[in-house]
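Q: kindly return the folded structure for what I paste below:
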Amino acid sequence: VSACRDPTRPCLGSFQRLKAAVHYTVGCLCQDVAEERDVQFSKQTIAAISEMTFRQCGTRARTLPYLHAKRSTVTTEDVKLLARRSNSLLKYITQKSEELTSSNMEQKVKKKKKSGAVKGRRTSGEQEAAVTDSEDSNMV
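A: Numbering: from 1, shown residues only. Reported below is the predicted structural model:
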C-alpha cells in the first residue's frame, strides 16, 4: 500500500474502505427496517441508497468548512446547521448531542467528587486524634 502524498485528498484505499463501511451500515439499517416493517430491500436498492448517502456525505463534507466560518474546529452546532433540512436527522443529532453533554457532565461531577474525597481523607493518625477529641468533648 502506498502512502498518500497529498493530504487534501484521501488515499484510494481509505476511500474504498470508507465507501464499504457506508455500504455495510446502510445494509444493516435496511435489514433493521425490513424486519420492523416486514418489507424486503433488493441488493440494487441497498447499493443505490449507499451511493446516494456516500455522495451526500461528500457534498456535506466539502460544504462544512464554509459553514463554520473557517475555524479550525467543527462544532456540534456546525453539524446541526448542515442537518437542518432533515428534521428527523436534526432531531437525532440534537438528541445524541444532549446525551453526550449530559454524560460528560456526569463524568466531570464524578471526577470532582473523587478528587474531593481524596483531598478530604484523613490519615489513620488524624482519624484517631479526631475520635479522641470527639470523645473528650462528650465527657465535658
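Q: name the helices or strands packed onto the helix or strand containing Ile93?
A: Using DSSP states H and E, the element containing Ile93 is helix 87-120. Judged by 3 or more C-beta pairs under 8 Å, 6 or more residues apart in numbering; DSSP states H and E, the packing partners of helix 87-120 are helix 76-82. Heads up, the C-betas are built off the backbone N, CA and C, glycines and all.
Q: domains for the chain, by residue range?
A: Here the domain parsing of the chain from the TED database is 12-72, 75-111.
Q: any chance of those in a markdown table with mean pLDDT and mean neighbour count as columns?
A: Output for these, formatted as a markdown table (pLDDT from 0 to 100; neighbours: other C-beta atoms under 10 Å):
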| stretch | mean pLDDT | mean neighbour count |
| --- | --- | --- |
| domain 12-72 | 87 | 12 |
| domain 75-111 | 87 | 12 |
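Q: distance of Val26 relative to Met105?
A: For Val26, the distance to Met105 equals 33 Å [C-beta to C-beta, to the nearest Å].
Q: one more: His23?
A: Taken as C-beta to C-beta, the span from His23 to Met105 is 36 Å.
Q: ditto for Gln40
A: Relative to Met105, and taking C-beta to C-beta, Gln40 is found at 44 Å.
Q: likewise for Lys113?
A: Distance from Lys113 to Met105, by C-beta to C-beta: 13 Å.
Q: and Arg37, by the same measure?
A: Arg37 sits 37 Å away from Met105 when distances are taken as C-beta to C-beta.
Q: for Thr73, pull up the helix or strand it's in.
A: Remark: Thr73 resides in no helix or strand, with elements defined by DSSP H and E.
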